[in-house]
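J.: okay, structure incoming, though there's no sequence with it:
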């Protein structure tokens, strides 16, 4: 089966997030299972080649980068299309379809950018939309009828990472019979604790995009109320410079306290992730809006206790009080109390850590995600042929 994953940003430095992580993991897993897979993305680099399609390889994955139109007319047209349909690029459809002529399935990702669903709506094979980040953008689609119409009619079937996203799709007009829930997964064997549990030094960690919806200011506010020494480490890509500058001021305030330290440590390379999670006493995901939270799975797999906001897919992953702790989003006081529970009770913290690992092993391996995904595609291809 020839499968094409299509997303606007991949294998570039412009944007790194959970969607790209999912695509990479799922692609490697499907290739391991013997499927013919390609990642179709946009060539964002300056000095683009004259070839319409640039074929590259990364980690043995076939990546097809397509040039977008750059004429004045195209730029004018792009502004109109972007406003109506949430698409940022004008593609050469002929070249796209020439590449796709023998593909069996195309899978769109990430509702943040709808260029591929807009341009490839006439693809004759099976069209599937894995609706990453939909919960973060539901309000936008509700208020914009053209974008909502494109979302509803771009694909034959829709995948959701959790029941919250499935409900959002239904609210936006997608028929329930077209929606399937397939949770994201991670490499269980890769994410294993590689250091003894830190409790003498209370280490609190955050990993994610540096932007307001990630709720880092809530975490900082909760930490300022802790009545004990601690170290806070914040890692991730800066997506909002103004917000980052505000965060730095809060970090400076914490660093003025005796025996307390907070710092931004930048983006972590993949090979340092396990060591980061393993160094922590507790990992916190304080998001105000979150589709799923792959970082939560990674931390739990590393047997690090987790605290997350009751938001989106986060509350479907964590069994509150058993495999982690949940708090009401935006509530720094409640987060402070949950932090104090873990940081003050090693036995309780270790119990959460062990149950967290069991939870990920049982429900969220990339192997299980791959199996469910392939089974879904095979079943729907049979239906489409009838």
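T.: Done, it's in. Note that the structure is predicted; figures quoted are calculated from it, not measured.

J.: need the three-state assignment for residue 168.
T.: Per DSSP: H, G, I helix; E, B strand; the rest coil, the secondary structure class of residue 168 is helix.

J.: again, but for residue 205
T.: strand.

J.: quick check: the closest residue to it other than its chain neighbours vs residue 201, distance?
T.: Once flanking residues are discounted, residue 205 sits nearest to residue 280: 4.2 Å by CB to CB, 6 or more residues apart in numbering. Heads up, the C-betas are built off the backbone N, CA and C, glycines and all. Remark: distance between residue 280 and residue 201 (CB to CB, to the nearest Å) = 10 Å.

J.: and residue 233, how many neighbours?
T.: Residue 233 has 18 neighbouring residues, counting by other CB atoms under 10 Å.

J.: residue contacts, the residue lying farthest from the centre of the chain?
T.: In the chain, the residue that sits farthest from the middle, by CA atoms, centre = their mean, is residue 258; the gap is 36.3 Å. Contact analysis of residue 258 by CB atoms under 8 Å, 6 or more residues apart in numbering lists residue 229.

J.: look at it and report its pLDDT.
T.: If you check residue 258, the pLDDT there is 90.

J.: quick one on the thing from earlier: compare residue 280 and residue 201 and say which one has the larger neighbour count.
T.: The neighbour comparison of residue 280 against residue 201 (other CB under 10 Å) goes to residue 280, with 24 against 11.

J.: could you say which helix or strand holds the more buried one?
T.: Counting by DSSP states H and E, no helix or strand carries residue 280.

J.: need the pLDDT of it.
T.: pLDDT, residue 280: 97.

J.: tell me the spacing between it and residue 350.
T.: Here residue 280 is placed at a distance of 13 Å from residue 350 (CB to CB).

J.: then residue 130?
T.: Taken as CB to CB, the span from residue 130 to residue 350 is 35 Å.

J.: and residue 216, by the same measure?
T.: Residue 216 is 27 Å from residue 350, by CB to CB.

J.: how about residue 29?
T.: Distance, residue 29 to residue 350, using CB to CB: 31 Å.

J.: to what extent is the nearest residue in space to residue 268 that is not next to it in sequence buried, counted in neighbours?
T.: Once flanking residues are discounted, residue 268 sits nearest to residue 235: 5.0 Å by CB to CB, 6+ apart. Using other CB under 10 Å, residue 235 has 19 neighbouring residues.

J.: residue 36 now?
T.: Considering only other CB under 10 Å, residue 36 is surrounded by 14 other residues.

J.: show me what contacts it?
T.: 1, 2, 3 are the contacts of residue 36 under CB under 8 Å, 6+ apart.

J.: what do you get if the cut-off is 10 Å, keeping everything else the same?
T.: 1, 2, 3, 4, 30, 62, 102, 103, 104 (CB atoms under 10 Å, 6 or more residues apart in numbering).

J.: from residue 63, how far off is it?
T.: In terms of CB to CB, residue 36 sits 14 Å off from residue 63.

J.: hmm, residue 342 is touching residue 230, no?
T.: No - with contact defined as CB atoms under 10 Å, residue 342 does not reach residue 230; the gap is 11.3 Å.

J.: anything in contact with each of these two?
T.: By CB under 10 Å, 6+ apart, the residues touching both residue 342 and residue 230 are 202, 204, 281, 282.

J.: who does the second one bridge with?
T.: Okay, so that is residue 204. Beta bridges link residue 204 to residue 232, residue 282 when assigned by DSSP bridges.

J.: hang on, the earlier thing: what touches both of residue 280 and residue 201?
T.: Here residue 280 and residue 201 have residue 231 as joint contacts, going by CB under 10 Å, 6+ apart.

J.: all helices for the stretch 51-200 of the chain, in order.
T.: Ranges of helices within the stretch 51-200 of the chain are 72-85, 93-100, 115-119, 134-143, 145-153, 163-171, based on DSSP state H, counting those that start in this stretch.

J.: who does the fifth one touch, helix- and strand-wise?
T.: To tie it back to what came earlier, the one meant is helix 145-153. With contacts taken as 3 or more CB pairs under 10 Å, 6 or more residues apart in numbering; DSSP states H and E, helix 145-153 sits against helix 72-85, helix 115-119, strand 126-130, helix 134-143.

J.: if you count neighbours, what's buried in it?
T.: Across helix 145-153, burial judged by 16 or more other CB atoms under 10 Å covers 147, 148, 150, 151, 152.

J.: next, the contact list for the third one, please.
T.: Read it as residue 150. Contacts of residue 150 by CB under 10 Å, 6+ apart are 84, 85, 86, 87, 111, 114, 117, 118, 121, 141, 144.
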